[in-house]
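# I need the structure of the sequence given here:
(2 chains)
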Amino acid sequence: MEKLIIGTREFSSRLLVGTGKYKDFQETQDAIVASGAQVVTVAIRRTNIGQNKDEPNLLDFLNPEKFIILPNTAGCYNVDDAVRTCNLARELLDGHNLVKLEVLGDEKTLFPNMTQTLEAARILVEDDFEVMVYCTDDPILCKELDDIGCVSIMPLAAPIGSGLGITNPYNIEIILENSNKPIIVDAGVGTASDATIAMELGCDGVLMNTAIAEAKNPILMASAMKKAIESGREAFLAGRMEKRLYASKSSPKDGVIK
Amino acid sequence: MNAKSIGITLNGSEIHLKSNSLKELLESLNLSEARFAVEINREIVPKSQIDNYTLNEEDVVEIVIAVGGG
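The predicted structure is shown next:
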């Protein structure tokens, strides 16, 4: 399959996965390997004071040489916190400049605060970050984020962790038409067919966490998602048939025995 | 080794330290080998400057690591 190009990086997998909500780091690692994902999101948080010396660290399970670590700004509700978090992430990851910007609006919906998101995106792009941005499915705002210089636009399909699926296929179609940057559906996918629908629409990738982590068998779901993304992409590239109201015979009309 | 005692805010909690060496603080937190980043008074402290960094009274220190997230 052709490569996914995000900023200065190339990927063969179009599935991007999160690392939250797993039972432990081993399950996280197993699911990620099963998903085939190359881009893996992490959150940046205060360390526990008095941490046990032997307490495992997530990055011990995700070799930064094997995966592209995508630090997010989850939990940030304003420009300042989001920019500070990105700066901390860049230091933590030895100068790695790819970040997932998300500036949230409220706890209940976790919808993005788009005025703050736009401002933070401008500051970060100016400061040489490669910004992948979680955003609403408003085609005008998505275009604005594109014009600011974000390397990937990541509209939600439904609220984070909701598993409601692709609730906005028409908006996603318009966003796809308007943009030259990779469009990655971020949030809302619940099961494999949701991921396929996003890819059949022409999205360049899907970023998900809860759909895998909260499955009864996360590792099996990770494998299902890998196939779903590949199927959807191939179907998009193949170009689906036109729909018609009435039947159209697949077998020859003539020569039926009497 | 500097034995000067100081009070700082570390990850939101006020604490007292027997030494004003940032390196010693990180060692006491078992962080010297793990992947982390430090911000003091809203400025990033690059890894190269940690060894010689001297903390001041009332510094606001944030130490972060990567955790699971989506």
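
# which outside residues touch the longest strand anywhere in chain B?
In chain B, taking DSSP state E as the definition, the longest strand is strand B:60-68. By Cβ atoms under 8 Å, 6 or more residues apart in numbering or on different chains, the residues outside strand B:60-68 that reach it are A:18-22, A:25, A:28, A:42-47, A:57-59, A:69, A:71, A:88-89, A:92-93, B:8-11, B:25-26, B:29, B:31, B:34-42, B:55. Yep, even glycine has a C-beta here, placed from its N, CA and C like the rest.

# now a ChimeraX select for only the buried ones of those residues.
To isolate the buried ones among these in ChimeraX, judged by 16 or more other Cβ atoms under 10 Å in any protein chain shown, type:
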select /A:18,19,20,21,22,25,28,42,43,44,45,47,57,58,59,69,71,88,89,92,93 /B:8,10,11,25,26,29,31,34,35,36,37,38,39,40,55
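
# which ones among the contacts of strand B:60-68 are found in strands?
Secondary structure from DSSP E places A:42-46, A:69, A:71, B:8-10, B:37-40 of the contacts of strand B:60-68 in strands.

# tell me which two of those sit farthest apart.
By the measure Cβ to Cβ, A:Ile69 and B:Ile8 form the most distant pair in those, at 29.3 Å.

# distance of A:Asp186 relative to B:Leu22?
Distance from A:Asp186 to B:Leu22, counting by Cβ to Cβ, to the nearest Å: 37 Å.

# the two: who's more crowded?
Under the criterion of other Cβ atoms under 10 Å in any protein chain shown, the comparison of A:Asp186 against B:Leu22 puts A:Asp186 first, with 30 against 23.

# so that one sits against A:Leu156, correct?
Yes: applying Cβ atoms under 8 Å, one finds A:Asp186 in contact with A:Leu156, separated by 6.1 Å.

# what do those two both touch?
Listed contacts common to A:Asp186 and A:Leu156 are A:Tyr134; contacts here mean Cβ under 8 Å, 6+ apart.

# spit out the contact partners of the residue in the stretch 101-250 of chain A that chain B sits nearest to.
Residue nearest to chain B within the stretch 101-250 of chain A: A:Asn209 (3.2 Å; Cβ to the nearest Cβ). Contact analysis of A:Asn209 by Cβ under 8 Å, 6+ apart lists A:Val17, A:Gly18, A:Thr19, A:Gly20, A:Lys21, A:Thr41, A:Gly161, B:Gly69, B:Gly70.

# please redo it, this time with the cut-off set to 7 Å
The contact partners of A:Asn209, taken as Cβ atoms under 7 Å, 6 or more residues apart in numbering or on different chains, are A:Val17, A:Gly18, A:Gly20, A:Lys21, B:Gly70.

# between which two of these is the distance greatest?
Among these, A:Val17 and A:Lys21 lie farthest apart (Cβ to Cβ), at 11.4 Å.

# interface residues of the stretch 151-258 of chain A facing chain B?
A:Ile160, A:Asn209, A:Thr210 (Cβ under 7 Å from any Cβ of the partner chain).

# tally of neighbours for the last one?
A count of neighbours around A:Thr210, defined by other Cβ under 10 Å, yields 19.

# got the confidence number for the residue nearest to it when sequence neighbours are not counted?
Leaving aside its chain neighbours, A:Thr210 sits nearest to A:Gly161 (4.4 Å; criterion: Cβ to Cβ, 6 or more residues apart in numbering or on different chains). Note on A:Gly161: pLDDT of 94.

# correct me if wrong: A:Gly161 contacts A:Met208.
No: look at A:Gly161 against A:Met208 with Cβ atoms under 7 Å: they stay out of range, at 10.0 Å.

# where does the prediction get shaky in the stretch 1-150 of chain A?
For the stretch 1-150 of chain A, applying pLDDT under 70 flags the ranges A:50-54.
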